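Peer 1: output the structure for:
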Amino acid sequence: MTAGGRSHRSRPLKWFTGCLVTTLLGGVTATGQQTDQLQQQLQQLKQQYDATTHDLEQRIAALEQQIKDEKEAEQKTKENTVSAAELAAEKATQSVLGQSDQVGAKYQGQLASEPTYDLLRESDTKIAKLQEQVGTFEFHGYFRSGYGLNSEGGQQVAFQAPGAGAKYRLGNEAETYAELIFVNNWVNPEHNSDKAWIKSEFMVEANTTNSGNYANFANGIGNDQFRFREAFVQVGNVLEFQPNAKFWAGERYYRRQHIDIDDFYPLDMSGYGGGVEDIDLRIGKMSVAFLSGARPDIVTQNGYLAKSNIDVRIYDLKGPAGLWAGWFNYATSKGGTTPNGTVIRTTDGYAFGLRHQRLEWHGGYHAFSIQYGTGAASNFSTSIVDPTPFINSSKRLLITEHLLFQANDKFAIMPIFVYQRTKDGDPQPDWNQWVSFGARPEYFFTKHISLALEGGFDHSHSRGQYDGWLRKVTIAPQIGAGNKFFSRPVLRAFLTYASWSDGFRGLVGGTPYLNRTSGLTYGVQAEHWW
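Peer 2: Next comes the predicted model:
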């Protein structure tokens, strides 16, 4: 029983052992088969890679040969063209001279020449260089030109109150005037932020009296005038800790403030010098400049009478209702003795101002400024006023406000206000005063046709010299580039009427209105800036 029991118990064990061995052997066999399949796939991929590579190399070689053949054919065409041109020239010479052999032998080697194809290649290079220069060159400018008559039949005259710093300009400009600005970007023309840039700029100003298309009159009366108003170099992005700072030196219009409809500059420190602009203060920006001017008509033992200015400005300060800016200037002028013995005092002075701007305000903007100056700095300019013994006591207060309102494409208006009080330092005369206010509304019938109306009022007073008012109104139909207040270019016809008080009799309108208190002019004008 025992033996038989063992035999029965061993049968399941043998069966289990046999199954396990079979399974293991089957797995090994399956693994071996899978490895063989992978080897086959790898071999197929290698063969496909070799075939594809060989095919691509053949295609590349074929394309290179095709390009080479086309270049050779193009060169042969050019050479054949050159040869044909030379042959035609030779035949033409033969037909004219009839002795080409003698001429060729006689002058062979005496005239310098080079292959025509080289000339063509040189021209291509020059054209490429010219295109590169065009990409770095900028041309900007402004001009106004036209012609008008006065009601007496003579040439147009302008109406401006004595003592006023400006006049209302629509239909009241009797000259041709232009500013032509040439800029070249020498380094980094795109002004990329990762490297420095350098540019130069100069401006030619042209001013004519509309006396003749080519004015060359005796004694220079009415002749055209040309001046350099700008000639400077500007460099930017040279300081890593101040990448936006711009250094400059030369002659330039320097950060001028402008009111358009009366062409008035409340602050104009244009002149000669140098400085740095757009220094980042985190709360705003700052600029510092040294600016100067001279009077070659006034000579002392020191040379031409000169005036030096240190101009400091802080701007783009974000505050209530817009952007704020502050300005300070210190001016000094060394005196001396002129050849005729006149003693000119050494003078100095300071000036400061505050400016507020609201940009993109109802389709336009709003600007307000207040300035005060004393002594040599009282004229808010680099120019030198006529020196007097009282110049150190001179003073000026100037308040301006102007805005542009254009809420839609049909109507726009710019109103302005100016108040100025000046004192030349003389203890006897009183303050001089100029008050001005006016506006230019424009109505746009279409995108290109509009009607402008400008009215202005000026009152000025200087004790013992003049005291009165001037009113001026102009109507001007216009054809322009668009339906915005500053859309230019524009063509306009105008009719201007002005009247003034008896206190200005003989001081307004020139010869045609010497003994009158009103005047009228009419004409046409073009104006453009770009």
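Peer 1: just the strands in the stretch 401-530 of the chain please.
Peer 2: Here the stretch 401-530 of the chain has its strands, by DSSP state E, counting those that start in this stretch, at 411-423, 432-444, 449-462, 466-480, 490-500, 518-529.
Peer 1: need the ones you listed in TSV (columns: distance to residue 405 and mean pLDDT).
Peer 2: C-betas here are computed from N, CA, C, even on glycine. Listed next are the strands of the stretch 401-530 of the chain as TSV, based on distance: least, C-beta to C-beta, whole Å; pLDDT from 0 to 100:
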stretch	distance to residue 405	mean pLDDT
strand 411-423	5	97
strand 432-444	9	98
strand 449-462	15	97
strand 466-480	18	97
strand 490-500	19	98
strand 518-529	21	98
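Peer 1: could you dump the ones you listed into CSV and include distance to residue 316 and mean neighbour count?
Peer 2: Output for the strands of the stretch 401-530 of the chain, formatted as CSV (distance: least, C-beta to C-beta, whole Å; neighbours: other C-beta atoms under 10 Å):
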stretch, distance to residue 316, mean neighbour count
strand 411-423, 23, 19
strand 432-444, 28, 20
strand 449-462, 31, 20
strand 466-480, 31, 20
strand 490-500, 31, 20
strand 518-529, 24, 18
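Peer 1: quick one: closest of these to residue 233.
Peer 2: Among the strands of the stretch 401-530 of the chain, the nearest to residue 233 by C-beta to C-beta is strand 518-529 (23.6 Å).
Peer 1: follow-up on the earlier one: can you lay out the strands of the stretch 401-530 of the chain as CSV showing distance to residue 392?
Peer 2: Output for these, formatted as CSV (distance: least, C-beta to C-beta, whole Å):
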stretch, distance to residue 392
strand 411-423, 12
strand 432-444, 18
strand 449-462, 21
strand 466-480, 26
strand 490-500, 35
strand 518-529, 40
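Peer 1: out of those, which gets nearest to residue 39?
Peer 2: Going by C-beta to C-beta, the one of the strands of the stretch 401-530 of the chain nearest residue 39 is strand 518-529, 79.6 Å.
Peer 1: what pairs with that closest one, and is each one parallel or antiparallel?
Peer 2: strand 137-150 (antiparallel), strand 490-500 (antiparallel) (DSSP bridges).
Peer 1: could I get these as a markdown table with distance to residue 307?
Peer 2: Converted to a markdown table, the strands paired with strand 518-529 look like this (distance: least, C-beta to C-beta, whole Å):
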| stretch | distance to residue 307 |
| --- | --- |
| strand 137-150 | 27 |
| strand 490-500 | 35 |
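Peer 1: strands along the stretch 101-250 of the chain, start to end?
Peer 2: So, for the stretch 101-250 of the chain - with DSSP E, counting those that start in this stretch - the strands run 137-150, 176-187, 197-208, 225-236, 246-252.
Peer 1: distance to residue 499 and mean pLDDT added to these, as TSV?
Peer 2: Shown next, in TSV, are the strands of the stretch 101-250 of the chain (distance: least, C-beta to C-beta, whole Å; pLDDT from 0 to 100):
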stretch	distance to residue 499	mean pLDDT
strand 137-150	14	96
strand 176-187	26	96
strand 197-208	28	95
strand 225-236	31	95
strand 246-252	40	98
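Peer 1: and the ones you listed as CSV, adding distance to residue 492?
Peer 2: As requested, the strands of the stretch 101-250 of the chain are exported to CSV (distance: least, C-beta to C-beta, whole Å):
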stretch, distance to residue 492
strand 137-150, 8
strand 176-187, 15
strand 197-208, 19
strand 225-236, 25
strand 246-252, 31
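Peer 1: a markdown table for the ones you listed, including mean neighbour count and distance to residue 59?
Peer 2: A markdown table is the format used below for these (neighbours: other C-beta atoms under 10 Å; distance: least, C-beta to C-beta, whole Å):
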| stretch | mean neighbour count | distance to residue 59 |
| --- | --- | --- |
| strand 137-150 | 15 | 45 |
| strand 176-187 | 16 | 44 |
| strand 197-208 | 18 | 45 |
| strand 225-236 | 16 | 50 |
| strand 246-252 | 18 | 54 |
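Peer 1: partners of residue 179 in the sheet?
Peer 2: residue 142, residue 205.
Peer 1: that one: what's it in contact with?
Peer 2: Residue 179 sits next to 141, 142, 143, 203, 204, 205, 206, 229 when contact means C-beta atoms under 8 Å, 6 or more residues apart in numbering.
Peer 1: for the residue lying closest to the fourth one once chain neighbours are set aside, give its distance to residue 332.
Peer 2: Closest residue to residue 203 in three dimensions, ignoring its sequence neighbours and counting by C-beta to C-beta, 6 or more residues apart in numbering: residue 230, at 3.6 Å. Using C-beta to C-beta, to the nearest Å, one obtains 25 Å as the distance from residue 230 to residue 332.
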